[in-house]
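Q: Need coordinates for the below:
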Amino acid sequence: MTHTEVLKKVEWRDLRNLSLKEMLIENNLTIPWFLISVTLAYFEYYWLALPFSAFFFLTGLRQVHNGFHNALGTNRFLTWFTLYSNSILMLVSIHAVKFNHLRHHKHCLSDEDYEGKSARMTWYGAILYGPVHMFLIHKVTWQLGDRSYRRNMLLELASAALFTTVAVYFNIHFLLYHIAIMIIGEFLMAFFAVWTVHHDTHDHPELARTQRAGWKNRITFSMFYHLEHHLFPAVPTIKLPELARRIDEALPEMEKKSTF
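A: Numbers count the residues shown, from 1 in each chain. Below is the predicted model:
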């Protein structure tokens, strides 16, 4: 079944619209996790802070991912600010990630898909590839991105470097903890954000892996509804559970490979 045929069989356009409550959730989901994690780190409860830092990183990915596809329900400036501010807190140029992610959708798992390269690797190879993945994301953006992408990338990297310099110079221990955890998270992106949802799908790249277990989707903030996202990238994450239900109802015969 082709992507066009799926689009015809599943009603999805109404899911692009966010209510005020949904918009507030999508745009503020990271705040409590960040505040709790740095507060615990401030009092040197680092082990207790770890899960909250992980949830901040995960919700940050969800937030910027929606921003990539203009699915936050906000205007152009606020969407840009979401990407910029998360670049500082997550220690990476989110606009560089956006550039490669949109290419990933256009050239999924082909030679032109630099984001998707780790999908061809073993699971441990994807983990080891993590630092190279992050370097390549920025290199490709600089080489292939337009002036706007390069300008945003430089601004975000400079701002993240300033944030890191201040934390190191003044030895702000809870920020140093946060920076260390974010770097680890970024180095695991090739595994968690690419390999888990795309490995062994090269025969049908448009049919990414997905997750149907309710409790697993709750603890991962619906970020593993990846089949649904690739088929309907304009649908905000908060609406993916409903989209999954509609796909299952309209296309029960569609193969749905699980992520974990």
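
Q: Tell me the span between the first and last residue of stretch 117-137.
A: 11 Å (C-alpha to C-alpha, to the nearest Å).

Q: which parts of that stretch are buried?
A: Neighbour counts over stretch 117-137 (16 or more other C-beta atoms under 10 Å) mark K117, S118, A119, M121, A126, I127, Y129, G130, H133, M134, L136, I137 as buried. Bear in mind the C-beta positions are built from the backbone N, C-alpha and C, glycine included.

Q: For the third one, list the residues it contacts.
A: For A119, the set of contacting residues under the criterion of C-beta atoms under 8 Å, 6 or more residues apart in numbering consists of L109, A126, V194, W195, H198, H199, T201, H202.

Q: Please render the residues you listed as JSON lines that adds distance to R103, pLDDT and secondary structure to the earlier fields.
A: Converted to JSON lines, these look like this (distance: C-beta to C-beta, whole Å; pLDDT from 0 to 100; DSSP: H, G, I helix; E, B strand; the rest coil):
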{"residue": "L109", "distance to R103": "11", "pLDDT": "94", "secondary structure": "coil"}
{"residue": "A126", "distance to R103": "19", "pLDDT": "97", "secondary structure": "helix"}
{"residue": "V194", "distance to R103": "13", "pLDDT": "96", "secondary structure": "helix"}
{"residue": "W195", "distance to R103": "18", "pLDDT": "97", "secondary structure": "helix"}
{"residue": "H198", "distance to R103": "14", "pLDDT": "96", "secondary structure": "helix"}
{"residue": "H199", "distance to R103": "19", "pLDDT": "95", "secondary structure": "coil"}
{"residue": "T201", "distance to R103": "17", "pLDDT": "92", "secondary structure": "coil"}
{"residue": "H202", "distance to R103": "17", "pLDDT": "90", "secondary structure": "coil"}
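
Q: Does M254 touch I247 like I think?
A: Yes. If you go by C-beta atoms under 8 Å, M254 and I247 touch, sitting 6.9 Å apart.

Q: if you count what's nearby, which of the two comes out ahead?
A: I247 (23 against 15; other C-beta atoms under 10 Å).

Q: Would you mind giving the secondary structure of R212?
A: coil (DSSP: H, G, I helix; E, B strand; the rest coil).

Q: H3 versus that one, what's the distance?
A: Distance, R212 to H3, by C-beta to C-beta, to the nearest Å: 21 Å.

Q: and what of N70?
A: Computed as C-beta to C-beta, the N70 to H3 distance reads 20 Å.

Q: ok, now W12?
A: Remark: distance between W12 and H3 (C-beta to C-beta) = 12 Å.

Q: Same check on G67?
A: 23 Å.

Q: What of A180?
A: Relative to H3, and taking C-beta to C-beta, A180 is found at 41 Å.

Q: Could you pull out the helices in the stretch 51-200 of the chain for me?
A: 76-90, 94-106, 123-128, 130-144, 147-169, 173-187, 189, 196-198 (DSSP state H, counting those that start in this stretch).

Q: For the ones you listed, give me CSV that also has distance to W47.
A: Below are the helices of the stretch 51-200 of the chain laid out as CSV (distance: least, C-beta to C-beta, whole Å):
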stretch, distance to W47
helix 76-90, 21
helix 94-106, 28
helix 123-128, 22
helix 130-144, 23
helix 147-169, 20
helix 173-187, 11
helix 189, 23
helix 196-198, 25
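
Q: got a list of what K117 touches?
A: Here K117 is in contact with Y129, H133, L136, A190, V194 (C-beta under 8 Å, 6+ apart).

Q: which non-adjacent residue is nearest the last one?
A: Translated: V194. S118 (4.8 Å; C-beta to C-beta, 6 or more residues apart in numbering).
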